[in-house]
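Student: can you look at this prediction? I've put the sequence above it.
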Amino acid sequence: GAVVSQHPSRVICKSGTSVKIECRSLDFQATTMFWYRQFPKKSLMLMATSNEGSKATYEQGVEKDKFLINHASLTLSTLTVTSAHPEDSSFYICSARGLRGAWDVFGPGTRLLVL
Amino acid sequence: GENVEQHPSTLSVQEGDSAVIKCTYSDSASNYFPWYKQELGKRPQLIIDIRSNVGEKKDQRIAVTLNKTAKHFSLHITETQPEDSAVYFCAASKSNQGGKLIFGQGTELSVKP
């Protein structure tokens, strides 16, 4: 149990376009989902905390108008990278925390390449 | 806010030896300390965690110790195997407040056969 999926697993897009990444908890309800960004050989940098039915809480330095987060249900959160630029190229990972809040389960990640 | 420091950044051991990774945290209110293993290109996987009401927890070859006074916790892997090679991350949070995980910088462990 406790599986989180992400879609797509990798995406290549042109500069200026928008990309949507989905994070789903497959067999449990997630009251909270987290979005991270990870650079090669680096740690996980928290971008925002997403709670179902409310606005996301963004970490300092993360542009909320550029990284749009929607947590419409207890099993789905989406991250939209708007007007993507090459510097947005990265590995984006979500995690989901269940109703009991035992621990965070990570998705497989989405590798974004902006040309 | 919370800050987590992790050392060493790289660790190379011979198969069968033990490996120890150490983390310190700054917020004394943190009460949940998980360890994640991440293989190249894969998702982080929880391998063990500890809460502030215990000082040590063990699961087969893996153990974690916590010193709340000194605000540090360590991961111990005994009888290391090549498949233990990966990047390990420690983290800290205030779980009873729905807190976010703050991750350490990661340790790249290499187990040589």
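Tutor: Right, received. Where do you want to start? Numbers count the residues shown, from 1 in each chain, chains lettered A, B, ... in the order given.

Student: enumerate every residue touching residue 50.
Tutor: No chain in the question, so chain A it is. Contacts for A:S50 (C-beta atoms under 8 Å, 6 or more residues apart in numbering or on different chains) come out as A:T32, A:M33, A:F34, A:W35, A:A56, A:T57, A:I69, A:N70, A:H71, A:S77. Where C-beta positions appear, they are placed from N, C-alpha and C, glycine not excepted.

Student: you answered for a different chain; I wanted chain B.
Tutor: Taking C-beta under 8 Å, 6+ apart, one finds B:Y32, B:F33, B:P34, B:E56, B:K57, B:V64, B:T65, B:L66, B:F73 in contact with B:I50.

Student: ok, and which of the residues you listed reach chain A?
Tutor: The subset of the contacts of B:I50 within reach of chain A, counting by C-beta under 8 Å from any C-beta of the partner chain, consists of B:P34.

Student: for A:K20, state which of the contacts of B:I50 is nearest.
Tutor: Nearest to A:K20, judged by C-beta to C-beta, of the contacts of B:I50 is B:P34 at 28.9 Å.

Student: distance of the closest residue to the closest one other than its chain neighbours relative to A:I12?
Tutor: Using C-beta to C-beta, 6 or more residues apart in numbering or on different chains and skipping residues adjacent in sequence, the residue nearest B:P34 is B:D49, 3.8 Å away. As for B:D49, its distance to A:I12 is 36 Å (criterion: C-beta to C-beta, to the nearest Å).

Student: the two: which has the busier surroundings?
Tutor: B:D49 (17 against 12; other C-beta atoms under 10 Å in any protein chain shown).

Student: with just CA atoms, put the helix or strand encompassing the more buried one into PDB.
Tutor: Using DSSP states H and E, the element containing B:D49 is strand B:45-51. Taking C-alpha atoms only, strand B:45-51 is exported to PDB below (Å, rounded to 0.1, in the frame of the first residue of the first chain):
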ATOM      1  CA  GLN B  45      12.200   5.600  -0.100                       C
ATOM      2  CA  LEU B  46      11.700   5.600   3.700                       C
ATOM      3  CA  ILE B  47      14.100   3.200   5.300                       C
ATOM      4  CA  ILE B  48      13.700   4.000   9.000                       C
ATOM      5  CA  ASP B  49      12.400   6.700  11.200                       C
ATOM      6  CA  ILE B  50      12.500   7.700  14.800                       C
ATOM      7  CA  ARG B  51      10.300   9.900  17.000                       C
END
